[in-house]
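> Here is the input, now give the coordinates:
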Amino acid sequence: KKYKMTPLKSCELELARFFNKYYKYCASSDSDDLKELLSIMCSACEKLEKVTPVNFGKNKNYRALKALRNFATHESELLNSSKALSLKSKKEVHAEVQLMCLLPKSVLDYAMNNLKSKQTKKFLTESVVHYERYIDIYPTIFNFTVELYFEVKGQHLTIDGDNFKSLENSIQY
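Model prediction:
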């Protein structure tokens, strides 16, 4: 008898993979982890859209991150200059969370010049935090991760793994 995975199970596994990768990314500053996180995010959301009535097309954070993922995948190594920084020792920078993911502003400029959708450009500009020569995309990643968590809970999906449970505990706290 052949084993066949259902679209729902595939979706749940991909979502678990996303939440695991999110925690791995938060613990690293590796640009490959960022690229993998964004790729898994897109894959998980595409699978979720196939098995539920969810549509991420109007989600500002998703559209912004997907645009960056698309350029990293199809255009160039735009994300290889990213750096995740813990802010515990950085007194001169203020952020709402204890992590930043800085990209040179030139990455945003390049993406903006090559995007056709005015709405995606607007979402990308609005969702990131602008500094002089850098943009911080971590708030976008964090906010979308929380939005995705609530979508998963609203759809009553079963996501296995300590990282999903850890996020759930943090949100409930």
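> Could you check how far residue 48 is from residue 7?
10 Å (CB to CB, to the nearest Å). The C-beta positions use only the backbone N, C-alpha and C, and glycine is treated the same way.
> With neighbour numbers in mind, choose between these two.
residue 48 (24 against 11; other CB atoms under 10 Å).
> And the pLDDT at the more buried one?
Predicted confidence (pLDDT) for residue 48: 97.
> Now do the same contact list for it.
With contact taken as CB atoms under 8 Å, 6 or more residues apart in numbering, residue 48 is in contact with 11, 15, 54, 151, 152, 155.
> check contacts around the closest residue to residue 10 other than its chain neighbours.
In this structure, residue 10 finds its nearest non-sequential neighbour in residue 47, 5.9 Å apart by CB to CB, 6 or more residues apart in numbering. Listed by CB under 8 Å, 6+ apart, the contact set of residue 47 reads 7, 10, 11, 14, 15.
> residue boundaries of the strands in this protein?
Using DSSP state E, the strands of the chain run over 83-86, 99-104, 129-130, 134-136.
> Take these and lay them out in CSV including mean pLDDT and mean neighbour count.
Output for these, formatted as CSV (pLDDT from 0 to 100; neighbours: other CB atoms under 10 Å):
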stretch, mean pLDDT, mean neighbour count
strand 83-86, 52, 16
strand 99-104, 86, 21
strand 129-130, 93, 14
strand 134-136, 91, 21
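> Indicate which one of the ones you listed is closest to residue 145.
Residue 145 lies closest to strand 99-104 among the strands of the chain, at 11.7 Å (CB to CB).
> Against which helices or strands is the closest one packed?
When contacts are defined as 3 or more CB pairs under 8 Å, 6 or more residues apart in numbering; DSSP states H and E, strand 99-104 packs onto strand 83-86, strand 134-136, helix 138-154.
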